[in-house]
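Student: Quick one: sequence plus predicted model below, questions after.
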Amino acid sequence: MSEASVQEQKKAEVHAMYNEKFVGDFTRKELDTLRATIARGTNDEEFGLFVQTCVNTGLNPFLNHIHCMVYNGNNGRQLSIQISAEGVVYLARKSKGFRGVDAQMVHENDDFQIDLATKKVIKHEISFPRGKIVGGYAIARHEDYEDKILLMDVQEVEHMRRGKNSHMWNTWFNDMFKKHMLKRVAKEQYGIDVTEEEVQTSPVDMTESYQEQPKVIQIDEDVQVSEVAKLKELWDEIENNVPGDLIAKVMNQQFAGKTEQQLSLPQVVALKKLCQLEMQKQNTQDIIQPEIIDTSENQIDEISEFERMFD
């Protein structure tokens, strides 16, 4: 194989490493983008919680399924994870028996009739001008069950104009009202069990928070291993595959002041991956182009933070 071919192959390997799945379906590049945009302003703890929520629910923040917001509440810094109507409808579409959801506004000049006994919409005719909004309704249809119909008076959502999303409700009231009803009726009809979270948080050392994890590790549904056994296994892998001077270098850079025995399981996992990254960096430092991967110390630091949050 020619030298040019070897260089191209190494470039492809580095590019693949940076674009491989890292947490759930997220690559390192996607996590970088997510933290710089949708999750901007979150600390490590908050960002880790948000990403794991995305992974666990299957919702995609890049498709407007789920959002996070950090603000100062009455009890201090608050993280609010919010699932959008698009996210709930996405989950509904994946449900067996899905036949569609719809929401409509009712204005004061509309001719609207509903049978309260069965909650069946009998008639809804509109004319212009429609006048002010007086309420709305949403319908979720299922192949095996009766339609679910949600009927709401506008007064039931007036308090939203003063909540944490007040700017959204005051600017796009009609759209927010529709989405609110869609979420409620879809959750009820299709049994979607996802809730928005509001968590009080404060900046923390992610390393220390991981030390509080249980000492027994669940590998799969039926297999557990002790933390001590897993630590020994990881150290054996590191020492058998990484030069001693490189281990010492990464230890000094990332865990200065700590001995090998003082590292927690997540820290050893991070050490292993950081050593792998450093070895690949050394092997490709003469051929890597900036547009493929940034191997600056800042980039390595950022990758190490991801290692600590999600391993």
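Tutor: Looks like it arrived, so ask away. Source: prediction; values computed, not measured. Residues are numbered from 1 along each chain as shown.
Student: where do the strands sit along the chain?
Tutor: 21-23, 26-27, 66-73, 76-83, 98-107, 111-115, 120-125, 133-142, 148-153, 197-200, 216-218, 224-226 (DSSP state E).
Student: Lowest mean pLDDT across these, which one is that?
Tutor: Sorting the strands of the chain by mean pLDDT places strand 216-218 lowest, at a mean of 39.
Student: sorry, back to before: highest mean neighbour count out of the strands of the chain?
Tutor: Most buried of these by mean neighbour count (mean count of other CB atoms under 10 Å) is strand 133-142; its value is a mean of 20. Every C-beta, even on glycine, is put in place using the N, C-alpha and C of the backbone.
Student: Report all helices and strands that that one contacts.
Tutor: The contact analysis (3 or more CB pairs under 8 Å, 6 or more residues apart in numbering; DSSP states H and E) places strand 133-142 against strand 98-107, strand 148-153, helix 173-190.
Student: Show me the helices in the protein, by range?
Tutor: Shown for the chain, the helices assigned by DSSP state H span residues 3-19, 28-36, 44-57, 85-93, 166-171, 173-190, 206-210, 227-241, 244-254, 265-284, 297-310.
Student: wait, doesn't I238 sit right on K272?
Tutor: Yes. At 5.2 Å, I238 counts as touching K272 under the criterion of CB atoms under 8 Å.
Student: picking up where we left off before, T37: which of the strands of the chain is closest?
Tutor: strand 66-73 (11.0 Å; CB to CB).
Student: what does the closest one rub up against?
Tutor: 38-39, 41-42, 46, 50, 53-54, 57, 59-61, 77-84, 87, 164, 200 (CB atoms under 8 Å, 6 or more residues apart in numbering).
Student: contacting residues for the residue nearest to L151 when sequence neighbours are not counted?
Tutor: Leaving aside its sequence neighbours, L151 sits nearest to Y137 (CB to CB, 6 or more residues apart in numbering; 4.8 Å). Contacts for Y137 (CB under 8 Å, 6+ apart) come out as A103, Q104, V106, I114, V121, I149, L150, L151, M152, M181.
Student: got a list of what the closest residue to P61 other than its chain neighbours touches?
Tutor: Closest residue in space to P61, ignoring its immediate chain neighbours: I38 at 4.9 Å, by CB to CB, 6+ apart. Residues near I38 by CB under 8 Å, 6+ apart: P61, F62, H67, C68.
Student: and the two most separated of those residues?
Tutor: F62 and C68, at 13.1 Å, using CB to CB across those.
Student: circling back to that earlier point, for the residue nearest to P61, give me the backbone phi and psi.
Tutor: phi -60, psi -40 (degrees, to the nearest 10).
Student: how far away is it from E86?
Tutor: Relative to E86, I38 is positioned 14 Å away (CB to CB, to the nearest Å).
Student: same deal with D175?
Tutor: D175 is 12 Å from E86, where distance means CB to CB.
Student: again with F50
Tutor: For F50, the distance to E86 equals 17 Å [CB to CB].
Student: Neighbour count for these two, which is higher?
Tutor: Legend: neighbour count by other CB atoms under 10 Å for F50 and E86, higher for F50 (24 against 16).
Student: Might one say that V194 is in contact with A92?
Tutor: No. Between V194 and A92 there is no contact under CB under 8 Å: 10.8 Å.
Student: quick one: which of the two has more around it?
Tutor: Using other CB under 10 Å as the criterion, V194 and A92 rank with A92 on top: 24 against 18.
Student: who's in contact with the more buried one?
Tutor: Neighbouring residues of A92 by CB under 8 Å, 6+ apart: F98, V101, A140, A186, Q189, Y190, I192.
Student: Those residues into CSV, with extra columns for distance to P129?
Tutor: Shown next, in CSV, are the contacts of A92 (distance: CB to CB, whole Å):
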residue, distance to P129
F98, 36
V101, 28
A140, 30
A186, 31
Q189, 33
Y190, 36
I192, 37
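Student: which one among these gets closest to I126?
Tutor: Nearest to I126 among these, with distances taken as CB to CB, is V101, at 20.1 Å.
Student: Identify the bridge partners of the closest one.
Tutor: A140 (DSSP bridges).
Student: List the contacts of it.
Tutor: V89, A92, A138, I139, A140, R141, L182, V185, A186, Q189.
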